[in-house]
Structure formats: structure tokens, C-alpha cells
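> okay, here's the prediction I keep looking at, along with the sequence it came from:
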Amino acid sequence: MDKTAVTNRQARYNYQILESLEAGIELKGTEVKSLRESKASLKDSFARVDEGELFLYNCYISPYEFGNIANVEPTRRRKLLVHRSQMARLAAQVSQKGMTLIPLKIYFKRGIAKVELAVAKGKLLYDKRETIRKRENARELRRTLKNH
């Protein structure tokens, strides 16, 4: 059973998701404990290929309450673990104009922390308005069907 620790709720609103994949994440011991308590945030975080490796930036994992000197910097860059062929494909997709890698959620799969990464394209303001309009129309339709 997978346990979702953190989700990036703004991701699907701000970005058009084109493709997603699962990646492992390299964490220190106290970071894992904080994640198990869901004390993290993916707001403004992104992934990038640097020096042939994939890293996650701006992911805030709160320092573990009972950790002492073992606590690490909350927003440090964290290495993501993917196959070399996947990394090459991601680098090629992200090199296109307007494309970026964003984390959708961090979860535990068989006790191991995983990140769901998405290749995404930023939405413009009118796209966001359209998303809101569709959601409100669907909600109104459900409401009328329920009442009749």
C-alpha cells in the first residue's frame, strides 16, 4: 500500500501535465522521519538535470523535531534516482521551450520514498480561468442531477 506524504496541489492548476514518472529520492535519516509525519512542502519546487544527474530543488522538508545534529538544511537539493535512459529522455523534453520538471507528490512505496515527477508546460492566465470554469460547470451539473 502506498502512503502519500506530500502533494503539490497547485501543480495541476499552474501547469499542463504532459507525462509523469516515478523516481527514487536520496534522503537522510531525519528527513525520512519528517516525511512520514507529512511535514514537507512541494510548493515552488522543481527538478533539473545538472552534471548528468537529476536533482530536486526548493523542496522543503521540515527538520525532525527529535533530531539534533543529524538534521540537515530543509531546502537542500536532493538527488533523484532514475535510469540513465529516462534521464536522457527527460533532459531532451525539458530542453524544449516552456517545458519544466515538477514534482506532483512524494509517497512511500514498500517503505521507500518515491517522487512522482511530471514533464509540464506552464499555463497562461486564460488557461487557468478555463480550468476554473470547467470545474464550476461540472459541480453545477452534479448539483442539478442530484436534486432531480
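Done, it's in. Since the structure is predicted, the reported quantities are computational estimates derived from the model, not experimental observations.

> what residue is smack in the middle of the protein?
Taking CA atoms, centre = their mean as the criterion, P103 is the residue nearest the geometric centre of the chain, at 1.9 Å.

> my read: that residue touches L56, true?
Yes. Taking CB atoms under 8 Å as the contact criterion, P103 and L56 are neighbours in contact, 6.4 Å apart. C-beta coordinates here come from the backbone N, C-alpha and C atoms, glycine included.

> distance of the residue nearest to the centre of the chain from A138?
In this structure, P103 lies at 27 Å from A138, with CB to CB, to the nearest Å as the measure.

> please enumerate the shared neighbours of P103 and L56.
S45, F46, A47, V115 (CB atoms under 8 Å, 6 or more residues apart in numbering).

> which pair of these spans the longest distance?
Greatest spatial distance among the shared contacts of P103 and L56 (CB to CB): F46 and V115, at 11.6 Å.

> settle it for me: which of the two has more neighbours?
For the pair F46 and V115, the greater number of neighbours falls to V115 (25 against 17), based on other CB atoms under 10 Å.

> that one contacts P103, correct?
Yes. Using CB under 8 Å as the test, V115 is close enough to P103 to be in contact (5.1 Å).

> so which residues of this protein form strands?
Secondary structure of the chain by DSSP state E: the strands cover 3-7, 15-25, 40-41, 46-50, 53-57, 60-61, 78-81, 99-109, 112-122.

> which of the ones you listed is buried the deepest?
Of all the strands of the chain, strand 60-61 has the most neighbours on average by mean count of other CB atoms under 10 Å, namely a mean of 22.

> direction included, what does it pair against?
According to DSSP bridges, the neighbouring strands of strand 60-61, each with its direction, are strand 40-41 (antiparallel).

> hey, what's L80 bridged with?
According to DSSP bridges, I25, L54 are recorded as the beta-bridge partners of L80.

> contacts only, for it.
With contacts defined as CB under 8 Å, 6+ apart, the neighbours of L80 are A23, G24, I25, E26, A47, L54, F55, L56, V115, L117.
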